[in-house]
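Engineer: Please find the sequence and the predicted model below.
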2 protein chains.
Amino acid sequence: MVNPLIRKLEHFARLTSGERQALERVVQTTRRLGPREDVIRDGDRPRHVNLILEGWACRYKQLEDGRRQVISIFLPGDLCDPHVFVLRKMDHSLGTLTPVLLAEIPEAAIREISAESRTLSEALWWEMLVTAAIQREWTVSLGQRLATERLGHLFCELFMRLKAVGLTSETSCEFPITQADLGDAMGLSTVHINRTLKELRAAGLIRLRGRQLTIPDFAALRAASLFDPAYLHHERDPSILHDD
Amino acid sequence: MVNPLIRKLEHFARLTSGERQALERVVQTTRRLGPREDVIRDGDRPRHVNLILEGWACRYKQLEDGRRQVISIFLPGDLCDPHVFVLRKMDHSLGTLTPVLLAEIPEAAIREISAESRTLSEALWWEMLVTAAIQREWTVSLGQRLATERLGHLFCELFMRLKAVGLTSETSCEFPITQADLGDAMGLSTVHINRTLKELRAAGLIRLRGRQLTIPDFAALRAASLFDPAYLHHERDPSILHDD
DNA sequence: CGATAGGTTGAGTCGCATCAACCGGGGTGG
DNA sequence: CCACCCCGGTTGATGCGACTCAACCTATCG
């Protein structure tokens, strides 16, 4: 298994084999979790940087009265907060959505690879800034987009992020999360997620059965969802933006 | 005028006078803008880090069809993206909400102060991570909170952030933005902002007249809005959390 | 003093929530 | 092997929160 972080970072920078090896080396301790488990909880002191190797995870926050918001979704290759150590306590939780394999990277290892190579240091910056950009785009979705646009936009985003780590076929990808989790992420009720999916299916924009998502016409979904991939900053390899 | 960034960072770290001077020195070029002007536009190449010295600004994103989302609000002492240079193009715009005085800090100056002092380097990290935490909290607001809670939460947040840079009195602060901008930030229509404000006023939770906000009973507003200030990570000086 | 930006209010509508019932499949235990 | 359960998905009925449209009010400023 190739470390998916490497695949992702190569969309930003051309890496030397030494740099690739350095990235391989950060994967020392790994940890396997089942679905719906917490990686770290709100209030805990962060101990290491988590790198998702397999499966889907998320940040989430639970309000006192039980309402739950999924704040971001992590896919293979995603680094959870390369610099959390500066903060004493987590202000949100990290949990799995599916079974997950993750690498626990010590603070020192992150510092080392940034010190070793300027390219890697910049690549880690890029990763962080893209994460922030994604968070901003979610803000836009929750604030402005209707349910159909919101879901369509999410499908576009996740498909492209999965494509960047080689986890898509021509028009399909795994889509292993429940409608309830989708609802918590999009600020919509499960029932409404279900009806919205029905609508997107009826419009021929997606197929979604079991754990498989198909986007037969990416350009159409993109147009319907006002999706503009610029915020993903695949600047070295913009070809990934076009699915032709 | 004391650089408000210094005031803010002192809530995270104890700074030496040398470190304070280093932060003073980054303010070389300044720029004055009127209200409703763009600092930098979506698609532009970022040229420097912007530090707000006076006034309120925001990030925003405009959809093709005109819908506008204010993604975050910048107050005096806020640094806009200390490391944008890694990205080639802005994926959103920065605009003023009121007249603004800002400092344009060159990339090199940021690098220098981080290199000079480990404390400052960590303090800048802290600033970045808190910005990200605020963004996540907005995601929660937009996804889960009702209009009254959403607005109440925003008032709590802004009041505390202003307090951290000395821009509040006992129970009041300047609140110079329009209901239309509030609406764009909270994902609500202007009309509904207006009615929600009326409701908060009627409940005695806020007073808002002209450009002055008063929160007579912070604890009450905090409870009504499910506001938990942990995400602001005022870890060195938690006293700021209590308004008694 | 008129123009204009921002704020306020009412009436009608719509998107999405809630509640509730039901379906289907995979896993488990008798 | 079948009965049952439970989780996730699906559908209908009804209600509420927020939107839209539209009018009007108020303060500020040239």
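Structural biologist: Received the coordinates, thanks.

Engineer: correct me, but A:Trp126 touches A:Lys8?
Structural biologist: No. A:Trp126 is beyond contact range of A:Lys8, at 9.6 Å (criterion: C-beta atoms under 8 Å). For glycine as for every other residue, the C-beta is placed from the backbone atoms N, C-alpha and C.

Engineer: Contacts only, for the residue positioned nearest the centre of chain A.
Structural biologist: Centroid-nearest residue in chain A: A:Phe74, 3.3 Å away (criterion: C-alpha atoms, centre = their mean). Residues in contact with A:Phe74 (C-beta atoms under 8 Å, 6 or more residues apart in numbering or on different chains) are A:Ile52, A:Trp56, A:Ala57, A:Cys58, A:Arg59, A:Cys80, A:Leu94.

Engineer: For chain A, which segments count as helices?
Structural biologist: Chain-ordered helices for chain A, with DSSP state H as the definition, fall at A:4-9, A:17-25, A:107-116, A:118-144, A:147-164, A:179-186, A:190-202, A:218-224.

Engineer: Any buried residues in the first one, and which?
Structural biologist: Using 16 or more other C-beta atoms under 10 Å in any protein chain shown as the burial criterion, the residues of helix A:4-9 that qualify are A:Pro4, A:Leu5, A:Ile6, A:Lys8, A:Leu9.

Engineer: That helix packs against which elements?
Structural biologist: helix A:17-25, strand A:49-54, helix A:118-144 (3 or more C-beta pairs under 8 Å, 6 or more residues apart in numbering or on different chains; DSSP states H and E).

Engineer: touching DNA strand C at all, stretch A:147-162?
Structural biologist: Yes. Stretch A:147-162 comes into contact with DNA strand C (C-beta under 7 Å from any atom of the strand), by way of A:Ala147, A:Thr148.

Engineer: Are that stretch and DNA strand D in contact anywhere?
Structural biologist: No. With C-beta under 7 Å from any atom of the strand as the criterion, DNA strand D is not reached by stretch A:147-162; the gap is at least 12.1 Å.

Engineer: packing partners for the lowest-mean-pLDDT helix or strand in chain A?
Structural biologist: Ranked by mean pLDDT, DSSP states H and E, the weakest helix or strand in chain A is helix A:107-116, scoring a mean of 92. With contacts taken as 3+ C-beta pairs under 8 Å, 6+ apart, helix A:107-116 sits against helix A:17-25, helix A:118-144.

Engineer: out of the ones you listed, deepest packed?
Structural biologist: helix A:118-144 (a mean of 21; mean count of other C-beta atoms under 10 Å in any protein chain shown).

Engineer: what mean pLDDT does that helix have?
Structural biologist: Helix A:118-144 carries an average pLDDT of 96.

Engineer: circling back to that earlier point, the least confident helix or strand of chain A: which residues count as buried?
Structural biologist: A:Glu107, A:Ala109, A:Ile110, A:Ile113, A:Ser114.

Engineer: A:Gly77: how many residues sit nearby?
Structural biologist: Burial of A:Gly77 is recorded as 23 neighbouring residues (other C-beta atoms under 10 Å in any protein chain shown).

Engineer: coming back round to it: of the helices and strands packed on helix A:107-116, which is nearest A:Lys89?
Structural biologist: Evaluated over the helices and strands packed on helix A:107-116, closeness to A:Lys89 peaks at helix A:118-144, with 19.6 Å, by C-beta to C-beta.

Engineer: Quick one: check the closest one for contact with DNA strand C.
Structural biologist: No. Helix A:118-144 stays clear of DNA strand C (C-beta under 7 Å from any atom of the strand), getting no nearer than 9.9 Å.

Engineer: tell me which parts of chain A are close to DNA strand D?
Structural biologist: In this structure, chain A approaches DNA strand D at residues A:Thr178, A:Gln179, A:Ala180, A:Thr190, A:Val191, A:Asn194, A:Arg195, A:Leu197, A:Lys198, judged by C-beta under 7 Å from any atom of the strand.

Engineer: measure the fourth one to A:Asp184 for me?
Structural biologist: As judged by C-beta to C-beta, to the nearest Å, A:Thr190 and A:Asp184 stand 9 Å apart.

Engineer: Also A:Val27?
Structural biologist: 30 Å.

Engineer: Then A:Arg36?
Structural biologist: 12 Å.

Engineer: Which residue of these two possesses the greater neighbour count?
Structural biologist: A:Asp184 (24 against 12).

Engineer: Skip the chain neighbours and tell me the closest residue to that one.
Structural biologist: A:Val70 (4.5 Å; C-beta to C-beta, 6 or more residues apart in numbering or on different chains).

Engineer: Right, I'll call it a day here.
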